[in-house]
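Novice: let's see this in three dimensions:
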Amino acid sequence: LEIGEKLNALQKNFQTTGGIHASALFDTTGKFIKLMEDVGRHNALDKLIGWAFLENTLPLQNHVLLLSGRISFELVQKANMAGIRVILAFGAPSTLAIETAKAFDITLIGFLKPKGFNLYTGLKRIITP
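Specialist: Okay, the predicted model is just below:
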């Protein structure tokens, strides 16, 4: 769960304003790849996927997406189009986001905290001790 702490440390604009959303990309070992911030949750993810496109790294099937806020079905759809199979977020998913993640076989985790999280879909990608 160190990944959430990494995002908090990297999100400089949020620390200054308290009102900026972030989308961050990590590899499957938790290594930070890229962070994009914006007032809008959707815009932050669009910027991140646009960066990946310009870097010629799509699809992102070997990456983890971390969202700073709530998970809407549109964010799940965008992640799917980019090839992302794992989405983590500090906030809650909507019911439609959960259904969409299940339909696309995406691992969806919400309410990410230092000592735990809620797993909604995609248990097969989670390694437990």
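
Novice: so where's the longest helix in this structure?
Specialist: Longest helix of the chain, by residue count under DSSP state H: helix 41-54.

Novice: after that one, which helix or strand is next?
Specialist: strand 63-67 (DSSP states H and E).

Novice: ok, residues contacting that following strand?
Specialist: 3-4, 7, 21-28, 30, 33, 41, 45, 48, 75, 79, 84, 86-91, 112 (Cβ atoms under 8 Å, 6 or more residues apart in numbering). C-betas here are computed from N, CA, C, even on glycine.

Novice: tell me how far residue 28 lies from residue 72.
Specialist: 24 Å (Cβ to Cβ, to the nearest Å).

Novice: these two: who's more crowded?
Specialist: Neighbours per residue (other Cβ atoms under 10 Å) separate residue 28 from residue 72, with residue 72 holding more: 18 against 12.

Novice: need the contact list for that one.
Specialist: 41, 42, 93, 94, 96, 97.

Novice: give me the number of residues near the nearest residue to the first one once chain neighbours are set aside?
Specialist: Once its chain neighbours are removed from consideration, residue 41 has its nearest residue in residue 21; the separation is 4.5 Å (Cβ to Cβ, 6 or more residues apart in numbering). Residue 21 has 22 neighbouring residues, counting by other Cβ under 10 Å.

Novice: can you name the residues that contact residue 21?
Specialist: Contacts for residue 21 (Cβ under 8 Å, 6+ apart) come out as 14, 37, 38, 39, 40, 41, 43, 44, 67, 68, 69.

Novice: again, only this time at 6 Å
Specialist: By Cβ atoms under 6 Å, 6 or more residues apart in numbering, the contact set of residue 21 is 41, 44, 68, 69.

Novice: quick check: the farthest pair among those residues?
Specialist: 44 and 69 (9.0 Å; Cβ to Cβ).

Novice: who's more crowded, those two?
Specialist: Neighbour tally, residue 44 and residue 69, criterion other Cβ under 10 Å: the higher count belongs to residue 44, 23 against 16.
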